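>>> Coordinates only, no sequence provided:
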Ligand SMILES: NC(=O)c1ccc[n+]([C@@H]2O[C@H](COP(=O)([O-])OP(=O)(O)OC[C@H]3O[C@@H](n4cnc5c(N)ncnc54)[C@H](OP(=O)(O)O)[C@@H]3O)[C@@H](O)[C@H]2O)c1
């Protein structure tokens, strides 16, 4: 049975990723910050015995060490770095003035450093699996080429940095046969996403098609959920 580890799996896109992979027969390590409060995930796990729930805050080195220890020598087919936050920057004051640098650092810590930290920790597990794939939920807002409006400095920079770091990491891990895929899920109806976005199940179905079609020549590329290439 192939397996996948998903971060931020208690709600939104992460929960839907767990649902679809489990329905497809995968073994799923569903991680989240507060398992005891993850009601929707616990309900899902109750009806799929191949889902296990694990505590993981991607910003905490001790949590990352603990999940590494829990996995032991288990080969990991897919690591899905999904967890992310959007904190509003106050861009209403001309010209700037509302930036809160400690909040910006927090967004970088979760969205950028968190994903790299976990990926680095699980490289050996990935290297011993069949699929050997790291998927990264980034965003079109990380595309510098697309920036035509003000604001969202924290989030945009965190995803642009994530893209740069993961593309570099893709070069580093290629000799071990590990691939890295950067994914934009579309605008999706989640707590973070737009109300008029697409439903999470549609986005994840598209992402899974992209993942199914992955080959090493795609490693380091940035792809939308519908399979089209994203601008950097
Ligand atoms: N929805 C969209 O339109 C859209 C578009 C582009 C990209 N994305 C990306 O898609 C990913 C999933 O977002 P979503 O739309 O599903 O948003 P969401 O509903 O807000 O879910 C975010 C998830 O990340 C988790 N998380 C936050 N901080 C964490 C940490 N330090 N450690 C571990 N988990 C943490 C949250 O857990 P808690 O419940 O514990 O806070 C939650 O499970 C994010 O990376 C986001 O940037 C979303």
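Here it is on my side, so go on. A quick note: this is a predicted structure, and the numbers were derived from the prediction, not measured. Residues are numbered from 1 along each chain as shown.

>>> what's the longest helix along the chain packed up against?
Assignment by DSSP state H gives helix 153-173 as the longest helix of the chain. Counting contacts by 3 or more CB pairs under 8 Å, 6 or more residues apart in numbering; DSSP states H and E, helix 153-173 is packed against helix 101-108, helix 115-121, strand 133-137, strand 179-184. Backbone N, C-alpha and C define where each C-beta goes, glycine included.

>>> right, so of these, which gets closest to the ligand?
Among the helices and strands packed on helix 153-173, the nearest to the ligand by CB to the nearest ligand atom is strand 133-137 (4.1 Å).

>>> Can you check what angle separates that closest one from helix 153-173?
Per axes from the mean of the first three to the mean of the last three CA atoms, to 10 degrees, the angle that strand 133-137 makes with helix 153-173 is 170 degrees.

>>> The closest residue to residue 6 other than its chain neighbours: neighbour count?
Among residues not flanking residue 6 along the chain, residue 80 sits closest, at 4.5 Å (CB to CB, 6 or more residues apart in numbering). Neighbours of residue 80 under the rule other CB atoms under 10 Å: 28.

>>> ok, what's across the strand from residue 80?
Residues in a beta bridge with residue 80, per DSSP bridges, are residue 6, residue 135.

>>> show me the contacts for it.
Counting by CB atoms under 8 Å, 6 or more residues apart in numbering, residue 80 touches 4-7, 14, 17, 135, 137.

>>> mind running it again at 6 Å?
Applying CB atoms under 6 Å, 6 or more residues apart in numbering, we find residue 80 in contact with 4, 6, 17, 135.

>>> Just the element for the first one, please.
Assigned by DSSP states H and E, residue 4 falls within strand 3-6.

>>> cool, the third one as well?
Residue 17 is part of helix 12-23, with elements assigned from DSSP H and E.

>>> Of all the residues in that helix, which ones are buried?
Residues 12-22 are the ones in helix 12-23 that count as buried (16 or more other CB atoms under 10 Å).

>>> does the ligand sit close to the longest helix of the chain?
No - contact check for helix 153-173 against the ligand, using CB under 6 Å from any ligand atom: none in range, with a minimum separation of 6.8 Å.

>>> Which residues does that helix contact?
By CB under 6 Å, 6+ apart, the residues outside helix 153-173 that reach it are 86-87, 89, 104, 107-108, 111-112, 116, 136, 138-139, 141-142, 144, 180, 182, 219-220.

>>> Kindly supply the PyMOL command isolating those of those that are buried.
What follows is the PyMOL syntax for the buried subset of those, where burial is set by 16+ other CB under 10 Å:
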select buried, resi 86+89+104+107+108+111+112+116+136+138+139+141+142+180+182+219+220
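
>>> near the ligand, which residues of the protein?
7-8, 10-14, 32-34, 57-59, 82-85, 110, 114, 137, 139, 184-185, 187-188, 190-193, 197.
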